[in-house]
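In: Here's my sequence, what's the structure:
(2 chains)
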Amino acid sequence: MSLSVENVSKRFGRFAALDRVSLAAVDGEFLALLGPSGSGKTSLLRVLAGLSRPDEGRVLFGGEDFLRLSPRERRVGMVFQHYALFRHMTVADNVAFGLKVRPRRDRPPGTEIAARVKRLLALVQLEGLDKRYPAQLSGGQRQRVALARALAIEPRMLLLDEPFGALDAKVRRELRRWLRQIHDETGVTTVFVTHDQEEAMDLADRVVVLNAGRVEQIGRPAELQAAPATAFVFDFLGDSNRLPCKVVDGHAMFDGGFSAPALGPVRDAPHAVARFRPHEVDLAVEGGVPVTITHLSARGALIRAECQAEDGALFEVDLLRDATPGSLAAGAKVRLRPRRVFVFAEAAAT
Amino acid sequence: MRSVGLKRPASLGAFLLLAVAVAWLAVVIVLPLISVFAEALRKGVGEYLEAFRDPDAQAAIRLTLLVAGICVPLNAVFGLAAAWAVAKFDFRGKGFLLTLIDLPFSISPVISGLVWVLLFGANGWFGPALEAAGIRIIFTVSALVLATLLVTLPFVARELIPLMAEQGADEETAAVTLGAGGWTTFTRVTLPNVKWALLYGVLLCTARAMGEFGAVSVVSGHIRGKTNTMPLHVEVLYNEYDFVGAFAVASLLAGLALVTLALKTGLEWRYAGELSAGRRH
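Out: Residues are numbered from 1 along each chain as shown, chains lettered A, B, ... in the order given. Modelled structure (predicted):
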């Protein structure tokens, strides 16, 4: 079922956790809420779950006014960063909880509950662990139990609050792939909160970038990469270099007499800041920012060079290992030339 | 059970320190405890049992059980409610509430008794009004209950607050999103997570409720067979030079304390991880 959030605001005293947030998800969509801590992503998730009420705005789900429903009437499954498993119950009892607490008339018979628990544990690949207690499981296993528990109530929507935040990098990647697979199998509309842009880009159909309680941009991962709407989005989605420039007719002109095509909303500006990614830089013989390489580190097929200009400004550059002369070393003086840059309105620049 | 890093006492100084500690314990705790039982049994088992056939002694035992039976459940419920409020919610005046809960620990039990006299006594704030309505509180069982309630108020709450604060509200939140109502969440999630700590608090509360002397002494009026609890009855008998009777009842109290201690130690040993770390008693 489709989700629609319209102008939702939530204040805590003078602090605006959510400031007129609007977004929509179509049926079966996987939506990521991406932002730094304090950006309002968890506040929004709690509003969707019914754990807190917004001060203003509407939330519609399948055309129904969601804010008038209690958490249990909403029937959304929620997965928490720290698992929140019931520590005194076995894995099987945890998964069955949402079914067992239903009023008698809606409660499936015991045999059916047991069968469903078995099916769910198979789905999350935890067969045979049904008698264990949460304390006897690894972090990754606990989070799978939490997901099975949330899926047991056949949720109309699945909410995940930084579910992999407490796990190590390898388990994270594994669970990420697996979560996407489960989503594709169940087809339930999913909202996923994360501060990890890689995770959001990897998992989601669309990403909502949040900053200070406001929506900065909504789009498919490729769209956000190709056309970030604000400086915040550009900076949050990857490493970013900055260089002052002026913009004339869609071209960024730099001191030193070189220029680069300027993408982004600003076409003409006397004073602006050009932003560019480390991999969109060439080493030039002449025309470019003179810098000294301070450090080189190998990153698979790339070499990351940290450089410093005479005025102290720092730059990060990714060079293809195979196309880089072996003589390049820390201390070398080179010139950096961005292939293309983004220029955003200064008010939004930080 | 020996802890890592500790060794057997090797030097003479260590032995001396240990000897002093053991001797001190023997003099201050073991000896008085033995003397209670020795005094009680001095004239034989027959005389000892005879002391319990005294209707006043039986009334004192019944009264003690009655007062504890009323106070412990009430303070268990209050302790749960207070710990739940403090641990699961943020609100103004939380620090003040915590201090209030601790207050009965820090004030003298005599004061805990006296405040009720000041409130409900013949010359107290509400005394005359209650008198006119034909209600008596001071020198009745009601006063004993009130005084005991005040003295034993912190025990359950103090046991539960650190544990529940450490557990946080995550599991309750999860239960709510899974469709559980408030009561179901409480009985299936909150209560099972604190059951051993709750039992531990109830034990401490019971021991204190049965053994309290100061506060009940102020409000009791010492009416034999009516408002004398076991500790008060011991005092009365002792003042009348009925040593066997006094020590017989005292031995029963001491026995209750020993049983409580044994249960408490058993709980600590078995469920150390599920009890709160912030022990005070």
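
In: Near chain B, which residues of the stretch 201-350 of chain A? Just list them.
Out: Nowhere does the stretch 201-350 of chain A come near chain B, counting by Cβ under 8 Å from any Cβ of the partner chain. For glycine as for every other residue, the C-beta is placed from the backbone atoms N, C-alpha and C.

In: Any idea which residue of the stretch 201-350 of chain A lies closest to chain B?
Out: Of all residues in the stretch 201-350 of chain A, the one sitting closest to chain B is A:G213 (20.3 Å; Cβ to the nearest Cβ).

In: Tell me how many other residues surround that residue.
Out: 23 (other Cβ atoms under 10 Å in any protein chain shown).

In: Was I right to think it contacts A:F12?
Out: No: counting by Cβ atoms under 8 Å, A:F12 is not a contact partner of A:G213; they are 10.4 Å apart.

In: List the contacts of the residue found closest to A:R116 once you drop the neighbours it is linked to in the chain.
Out: In space, and not counting its chain neighbours, A:R116 is closest to A:A152: 6.5 Å by Cβ to Cβ, 6 or more residues apart in numbering or on different chains. Neighbour list for A:A152: A:95-99, A:116-117, A:120 [criterion: Cβ atoms under 8 Å, 6 or more residues apart in numbering or on different chains].

In: Spell out which residues make up each domain of chain B.
Out: Domain segmentation of chain B under automatic domain parsing yields B:9-40, B:53-279.

In: which of the residues in the helix or strand where A:V8 lies are buried?
Out: Assigned by DSSP states H and E, A:V8 falls within strand A:3-12. Within strand A:3-12, the residues that qualify as buried are A:3-5, A:8-10, counting by 16 or more other Cβ atoms under 10 Å in any protein chain shown.

In: Over to stretch A:50-62?
Out: A:50, A:52, A:54, A:57, A:59-61.

In: Now the element after the longest helix seen in chain B, going C-ward?
Out: For chain B, the longest helix by residue count, based on DSSP state H, is helix B:55-88. Counting by DSSP H and E, the next helix or strand C-terminal to helix B:55-88 is helix B:94-106.

In: is any part of the longest helix of chain B close to chain A?
Out: No: against chain A, helix B:55-88 shows no contacts by Cβ under 8 Å from any Cβ, the least distance being 12.9 Å.

In: Also stretch B:195-213?
Out: No: between stretch B:195-213 and chain A, judged by Cβ under 8 Å from any Cβ, nothing touches; the nearest distance is 8.5 Å.

In: Show me the shaky parts of chain B.
Out: Flagging of chain B using pLDDT under 70 yields the residue ranges B:1-9, B:272-281.

In: hmm, try it at 80
Out: By pLDDT under 80, the weakly predicted segments of chain B are B:1-10, B:122, B:225, B:270-281.

In: Contact partners for the residue nearest in space to the middle of it?
Out: Most central in chain B under Cα atoms, centre = their mean is B:R208, positioned 2.2 Å from the mean C-alpha point. For B:R208, the contacting residues are B:151-152, B:155, by Cβ under 8 Å, 6+ apart.

In: residue of the stretch 1-150 of chain B with the smallest distance to chain A?
Out: B:D90 (10.8 Å).

In: now the helices for the stretch 201-350 of chain A?
Out: A:221-226, A:231-236 (DSSP state H, counting those that start in this stretch).

In: Where does the closest residue to A:R172 other than its chain neighbours sit, in terms of helix or strand?
Out: Nearest residue to A:R172 in three dimensions, chain neighbours excluded: A:F164, at 4.4 Å (Cβ to Cβ, 6+ apart). Under the criterion DSSP H and E, no helix or strand holds A:F164.

In: A:F164 and A:L175 touch, don't they?
Out: Yes: here A:F164 reaches A:L175: they are 5.6 Å apart, a contact under Cβ under 8 Å.

In: Mutual contacts of the two, please.
Out: Both A:F164 and A:L175 are in contact with A:Q143, where contact means Cβ under 8 Å, 6+ apart.

In: neighbour-wise, which of the two wins?
Out: Using other Cβ under 10 Å, the more surrounded residue of A:F164 and A:L175 is A:F164, with 25 against 20.

In: Ends of stretch A:276-292, what's the gap?
Out: 18 Å (Cα to Cα, to the nearest Å).

In: if we can go back for a sec, most neighbours among the contacts of A:A152, please name it.
Out: In the contacts of A:A152, the most neighbours by other Cβ under 10 Å go to A:V95, 29 neighbours.

In: Could you pull up the residues touching that one?
Out: A:V95 touches A:117, A:120-121, A:145, A:148-149, A:152, counting by Cβ under 8 Å, 6+ apart.

In: ok, so of the residues you listed, who is nearest B:L12?
Out: A:V145 (58.2 Å; Cβ to Cβ).

In: hang on, that closest one packs against A:P134?
Out: Yes: shown here, A:V145 and A:P134 form a contact pair, counting by Cβ under 8 Å, at 7.0 Å.

In: Where do the strands of the stretch 151-300 of chain A begin and end?
Out: A:157-161, A:189-194, A:206-211, A:214-219, A:241-248, A:251-253, A:259-263, A:269-276, A:281-284, A:289-299 (DSSP state E, counting those that start in this stretch).

In: For B:T177, which of those is the nearest?
Out: So among those, strand A:157-161 is nearest, using Cβ to Cβ, at 8.0 Å.

In: And the contacts of that closest one?
Out: By Cβ under 8 Å, 6+ apart, the list of residues contacting strand A:157-161 reads A:1, A:3, A:42, A:45, A:48-49, A:61, A:74, A:76-81, A:150-151, A:179, A:183, A:188-193.

In: So which of those reach chain B?
Out: A:49, A:76-78, A:80, A:150.

In: List the ones among the residues you listed that fall in helices.
Out: Filtering these for helices - DSSP H - leaves A:49, A:150.

In: quick one: low-confidence parts of the stretch 151-300 of chain A?
Out: A:166, A:284-286.

In: Spatially nearest residue to the residue in it positioned nearest to chain B (excluding sequence neighbours)?
Out: Using Cβ to the nearest Cβ, the single residue of the stretch 151-300 of chain A nearest to chain B is A:I153, 6.0 Å away. Closest residue in space to A:I153, ignoring its immediate chain neighbours: A:G98 at 3.9 Å, by Cβ to Cβ, 6+ apart.

In: Let me know the distance separating the one you found from A:L151.
Out: Distance, A:G98 to A:L151, by Cβ to Cβ, to the nearest Å: 9 Å.
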